[in-house]
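Q: Give me a 3D structure for the following:
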Amino acid sequence: MSTNGQDSNANNNDTIEIQETEVVPVETTNSLQSGLTSLIPMVLIFAVFYFLLLRPQEKRRKEREKLVSEVKKGEEVLTNSGIYGIVTKVSESEPNIEVEIAKDVRIKALKSAIVDITSRSKDVAVKKEDSKNNKKDKKVSGAKSS
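A: Prediction:
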């Protein structure tokens, strides 16, 4: 019997059972839809980048171009190298201006080197101080009359 038992074990080991499995199709998503959903974060990042960095920079550039184009003879300017001077010559056809930095000392500078027109800044500061003083005077005179 031992030989028959060994034969039956050998037959069991040699057989492989194959079970039938049901093939279930995988639900396919629209590849176009999944592509668009992956683009949404990129579009949002670009929009934030535009509104926080590019748009303000564009505004500053336009203000600077306006400032440089409106430079007139006799105005005090500050250059990007830190030199203060008074504009003595402005030419629309040339990109240069002539700036007097001391008595009889004149230099040529690029219009684009102008950082600020300090004579205008002083005028604005004086006007602000005058308006503040006028408001204070009105408050003080109003308080005294009551």
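Q: now the helices: where do they sit in this structure?
A: 2-14, 31-49, 55-69, 118-145 (DSSP state H).
Q: For those helices, which has the smallest mean pLDDT value?
A: In terms of average pLDDT, helix 2-14 trails the rest of the helices of the chain, at a mean of 55.
Q: Is residue 78 bridged to anything, and to what?
A: Taking DSSP bridges as the rule, residue 78 bridges to residue 84, residue 116.
Q: contacting residues for it?
A: 84, 114, 115, 116, 117, 118 (Cβ atoms under 8 Å, 6 or more residues apart in numbering). In short, each C-beta sits where N, CA and C put it, glycine included.
Q: Show me which of those residues is closest to residue 54.
A: For these, the minimum distance to residue 54 (Cβ to Cβ) is 22.0 Å, reached by residue 115.
Q: ok, back up a step: could you dump the contacts of residue 78 into CSV and include neighbour count?
A: CSV is the format used below for the contacts of residue 78 (neighbours: other Cβ atoms under 10 Å):
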residue, neighbour count
84, 12
114, 20
115, 16
116, 14
117, 19
118, 15
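Q: partner residues bridging the residue nearest to residue 106 when sequence neighbours are not counted?
A: Spatial nearest neighbour of residue 106, excluding adjacent residues (Cβ to Cβ, 6 or more residues apart in numbering): residue 100 at 5.0 Å. With DSSP bridges as the criterion, residue 100 is bridged to residue 86, residue 106.
Q: need the contact list for residue 100.
A: Neighbours of residue 100 in contact, by Cβ under 8 Å, 6+ apart: 85, 86, 87, 88, 106.
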